[in-house]
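**Q** missing the sequence, but the structure's below:
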């Protein structure tokens, strides 16, 4: 008689092989993996799942899966590095470029219930992103930023904490890197922030660099909080521009938009934000243009107000 199923394990995830990107898997196609059923709780939905651990190559650190397969499929990310499987980019960059709004609960409440529901919906599907209508300008941006080749430098060992304190005496036998740790925002990343695409310092750096490369470098005058849209469609109105702007920035609160000034005669508009941070976020999202009314418009920073002339 088969053993009775443990009711406490209902909804827990079992899998035979992880969902990984080529970088995390390593250069050697023949690797050994350890497998532990219900080895840890998922970093996002908190459900126990099957944990895999392996060494991706000589001189690399051991890697492990940190989220369950259901959460990885929902966001189409690697179970280890949490980068998008198609573009190799942070989810915040991808979701901003494609104007994808995440409906997943980010709090502890209902996360496990949501994951179980998504698991039933994803039967036979590789990803939960769907094939909805996305911006052509956003896709072009992702094509330019996509990392198509493996970046094995990410698999290097961690920095030796004893070396940083000047106390490591193992020399060349030490399995960790003998380098001084680099401080900054990039050194402190949160798993849930990376997964849900919010406050990700790596994503901010990528989008800022791309905006500068496309001629959208933020002006030094921090009082400038407006973007200038040109080559608008003749059918464009203030309402359609406002709606298109809000829909193209799903990760930004709609209250961050101060006003939209449409000049129909010149087919241009000023989009004014309440904060400089919101304006810089929009500039990064629209660095390759913005689709409004089936027309790709050009985006530029507004000009600072001239300083008053003293008598």
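**A** Alright, I've got the coordinates. Please read all numbers here as calculations on a predicted model, not as lab measurements. Numbers count the residues shown, from 1 in each chain.

**Q** just the helices in the chain please.
**A** Applying DSSP state H to the chain gives helices spanning 22-25, 69-75, 91-98, 111-121, 136-145, 161-164, 191-196, 201-213, 238-248, 276-285.

**Q** how about those, which one is nearest residue 225?
**A** Proximity to residue 225, assessed across the helices of the chain by CB to CB, is greatest for helix 276-285 (4.6 Å). Backbone N, C-alpha and C define where each C-beta goes, glycine included.

**Q** elements contacting the closest one?
**A** helix 91-98, helix 201-213, strand 226-230, strand 268-273 (3 or more CB pairs under 8 Å, 6 or more residues apart in numbering; DSSP states H and E).

**Q** and the helices of the chain, which one's lowest on average pLDDT?
**A** Set side by side, these differ in mean pLDDT, and helix 111-121 is lowest with a mean of 63.

**Q** need the helices of the chain in TSV with mean neighbour count and distance to residue 50, can you?
**A** TSV is the format used below for the helices of the chain (neighbours: other CB atoms under 10 Å; distance: least, CB to CB, whole Å):
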stretch	mean neighbour count	distance to residue 50
helix 22-25	20	16
helix 69-75	24	8
helix 91-98	25	23
helix 111-121	16	14
helix 136-145	18	31
helix 161-164	14	30
helix 191-196	20	18
helix 201-213	18	27
helix 238-248	17	38
helix 276-285	21	36
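
**Q** contacting residues for residue 91?
**A** 75, 77, 82-84, 194-197, 200, 203 (CB atoms under 8 Å, 6 or more residues apart in numbering).

**Q** from those residues, pick the one nearest residue 26.
**A** Nearest to residue 26 among those, with distances taken as CB to CB, is residue 83, at 15.3 Å.

**Q** what distance do you get for the nearest residue to residue 211 once chain neighbours are set aside to residue 76?
**A** Of all residues not flanking residue 211 in the chain, residue 287 sits nearest, at 4.2 Å (CB to CB, 6 or more residues apart in numbering). Taking CB to CB, to the nearest Å as the measure, residue 287 falls 22 Å from residue 76.

**Q** try residue 178
**A** In terms of CB to CB, residue 178 sits 37 Å off from residue 76.

**Q** any chance of the helices and strands packed on helix 276-285 in a markdown table, with distance to residue 142 too?
**A** Converted to a markdown table, these look like this (distance: least, CB to CB, whole Å):
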| stretch | distance to residue 142 |
| --- | --- |
| helix 91-98 | 5 |
| helix 201-213 | 10 |
| strand 226-230 | 21 |
| strand 268-273 | 22 |
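
**Q** and the pLDDT at residue 167?
**A** 89.

**Q** my bad, should have said residue 149
**A** For residue 149, the predicted pLDDT is 89.

**Q** then residue 177?
**A** For residue 177, pLDDT reads 90.

**Q** wait, which of the helices and strands packed on helix 276-285 is closest to residue 280?
**A** Evaluated with CB to CB, the helices and strands packed on helix 276-285 place helix 201-213 nearest to residue 280, the distance being 7.3 Å.

**Q** just give the nearest non-adjacent residue to residue 176, would you?
**A** residue 160 (3.6 Å).

**Q** re the thing from before, nearest to residue 154, of the helices of the chain?
**A** Of all the helices of the chain, helix 22-25 comes closest under CB to CB, at 5.7 Å.

**Q** gap between the closest one and the chain center?
**A** 18 Å (CA atoms, centre = their mean, to the nearest Å).

**Q** contacting residues for residue 284?
**A** 96, 204, 207-208, 210-211, 216.

**Q** if you set the cut-off to 10 Å instead, what comes out?
**A** Contact analysis of residue 284 by CB atoms under 10 Å, 6 or more residues apart in numbering lists 92-93, 96-97, 141, 203-204, 206-212, 214, 216, 218.

**Q** count the neighbours of the residue nearest to residue 211 for me.
**A** Residues lying near residue 287 (other CB atoms under 10 Å) number 26.

**Q** that one contacts residue 218, correct?
**A** No. Applying CB atoms under 10 Å as the test, residue 287 and residue 218 come out as separate, 11.3 Å apart.

**Q** which neighbours do these two share?
**A** In contact with both residue 287 and residue 218: 208, 211-212, using CB under 10 Å, 6+ apart.

**Q** dump the residues you listed into TSV; add distance to residue 137 as well.
**A** As requested, the shared contacts of residue 287 and residue 218 are exported to TSV (distance: CB to CB, whole Å):
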residue	distance to residue 137
208	17
211	13
212	17
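
**Q** and of those, the nearest to residue 45?
**A** Nearest to residue 45 among those: residue 208, at 30.9 Å, using CB to CB.
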